[in-house]
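J.: Have a look; sequence and predicted model below, questions after that.
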Amino acid sequence: MWAAGAFPDGAADVRITADVPAARKVLTEWPAPVVFCGSEIGKAIEFPGAEFEKQFPEGSPDHPVIDAYRAAGKMPYDTPSWAMSAVLYAARSGAGLFRLSDVGTMAVDAQGRTSFAAGANGKHRYLIADPEQQQKIVTALVELAAAKRQQRRFRPQ
């Protein structure tokens with residue numbers, strides 16, 4: 001899973017332009033299939049800022065993600081969800097929340113723009129937002145964000 005790019009092709013992405021040679025190396029040498037979650041997913045599916053305030057009210061214990069969210073803008077604000085959507089897909093890939101592109105090969109040009117060419121010999125795919133699933137996706141994102149960490153007790157052997 002890689003939260004980067006814009007698909008099937010689009011504007012350069014800072015997560016790619018930060019190191020184009022490294023992105024190219026990963027694309028060509030990574031041995032396993034890779035699913036991409038592009039910026040178009042984040043634009044189509046925003047995490048509702050009101051949920052941050054409901055799930056993590058002011059004065060709640062320190063939480064670095066919530067602290068960063070609060071520091072980034074005037075509360076509450078909705079935020080693009082491409083990274084959270086990538087995590088959601090990785091955690092619940094069988095839930096049918098997203099559609100997948102055909103198999104193909106992703107490429108990165110010198111300016112950091114991604115492009116996709118469908119082909120049976122490729123090992124890349126990208127997520128496609130299904131408008132009919134949007135509310136289910138947002139609900140699942142809220143559930144994941146609000147999940148309480150479970151304390152595990154380890155027994156000595």
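T.: The structure has been received and is ready for your questions. All of these numbers come straight from a predicted model, not from anything done at the bench.
J.: what's in contact with the longest helix along the chain?
T.: In the chain, taking DSSP state H as the definition, the longest helix is helix 134-146. Helix 134-146 is contacted from outside by 44-48, 51-52, 55, 81, 84-85, 87-88, 91-92, 95, 97-98, 129, using Cβ atoms under 8 Å, 6 or more residues apart in numbering. The way it works is simple: take the backbone N, C-alpha and C, and place the C-beta from them, glycine included.
J.: mind checking how far the closest residue to Pro48 other than its chain neighbours is from Ala50?
T.: Distances taken as Cβ to Cβ, 6 or more residues apart in numbering place Asp78 nearest to Pro48, at 5.5 Å, with adjacent residues excluded. Distance, Asp78 to Ala50, by Cβ to Cβ, to the nearest Å: 8 Å.
J.: For stretch 31-41, measure first residue to last.
T.: 25 Å (Cα to Cα, to the nearest Å).
J.: Next: stretch 77-96.
T.: End-to-end distance (Cα to Cα), stretch 77-96: 27 Å.
J.: Now do it: distance to the chain's middle.
T.: Its chain's average C-alpha position is 5 Å from that of stretch 77-96, according to Cα atoms, centre = their mean, to the nearest Å.
J.: mind listing what's buried in that stretch?
T.: 79-89 (16 or more other Cβ atoms under 10 Å).
J.: okay but the residue nearest to Pro48 is in contact with Gly49, surely?
T.: Yes. In this structure, Asp78 is within contact of Gly49 by Cβ atoms under 8 Å, at 5.1 Å.
J.: Please enumerate the helices of this protein.
T.: Counting by DSSP H, the chain has helices at residues 14-17, 20-29, 39-44, 49-55, 64-72, 82-91, 134-146.
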